[in-house]
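> fold the following.
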Amino acid sequence: MPDLKLDSKLTKGIQRVLEPYEVRMGRLGETIVAIVELTAVKRTDVYDGEEAAPTAHLRITALEVATRDQEDHLRRAQQSMYQLRTARGTLDEIHSTEDANRQLRYLGEMVAGGDA
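Below you'll find the predicted structure:
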């Protein structure tokens with residue numbers, strides 16, 4: 001697996017999305033919950049025998065910041081996604097997967113409908 005690096009260059013579109021949150025982001029310890037899309041924009045391969053690892057550079061290509069009311073919904077979605085990813089091969093896989101999928105469907109409805 002290549003070493004992953006986050007490209008620090010923000011596109012103008014991403015900067016516009018983040019502008020309303022500049023004050024919050026400027027405070028140490030402040031957390032902003034968002035849905036982020038990453039795209040591999042550069043890859044550096046190495047030749048056989050080189051000690052360096054291949055590198056992939058990822059750039060933020062889409063971003064939506066959650067409102068304060070949406071943050072808990074996205075955190076629960078994140079926890080459900082984690083549960084789905086880590087349940088494979090466990091004794092509780094079927095139950096965990098069903099619960100996580102049910103939670104994700106419910107949260108999708110909540111975020112889309114704007115209900116709290």
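
> for the residue nearest in space to the middle of the chain, what are phi and psi?
With distances taken as Cα atoms, centre = their mean, Val36 lies nearest the centre of the chain, 4.9 Å away. Per-residue torsions, Val36: phi -120, psi 140 (degrees, to the nearest 10).

> could you show me where the helices are in the chain, in order?
12-18, 22-25, 68-87, 93-113 (DSSP state H).

> wait, which of the ones you listed is closest to Thr44?
helix 12-18 (23.3 Å; Cβ to Cβ). No exception for glycine: its C-beta is placed from N, CA and C like everyone else's.

> just the CA trace of that closest one, in CSV.
The C-alpha trace of helix 12-18 is given here as CSV (Å, rounded to 0.1, in the frame of the first residue of the first chain):
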residue,chain,number,x,y,z
LYS,A,12,-11.6,27.9,-4.7
GLY,A,13,-14.8,25.9,-4.4
ILE,A,14,-13.7,24.2,-1.2
GLN,A,15,-12.4,27.5,0.2
ARG,A,16,-15.9,29.0,-0.4
VAL,A,17,-17.5,26.2,1.4
LEU,A,18,-15.2,26.7,4.4
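
> ok so, going back, got the contact list for the residue nearest to the centre of the chain?
60, 62-63 (Cβ atoms under 8 Å, 6 or more residues apart in numbering).

> swap in 6 Å and give it another go.
Applying Cβ atoms under 6 Å, 6 or more residues apart in numbering, we find Val36 in contact with 60, 63.

> with Leu74 instead?
33, 66 are the contacts of Leu74 under Cβ under 6 Å, 6+ apart.

> for Arg43, same thing?
Ala56.

> what's the answer for Pro54, then?
Per Cβ under 6 Å, 6+ apart, neighbours of Pro54: 2, 45-46.

> try Glu71
By Cβ under 6 Å, 6+ apart, the neighbours of Glu71 are Val33.

> and for Ala53?
Ala53 touches Asp3, counting by Cβ under 6 Å, 6+ apart.
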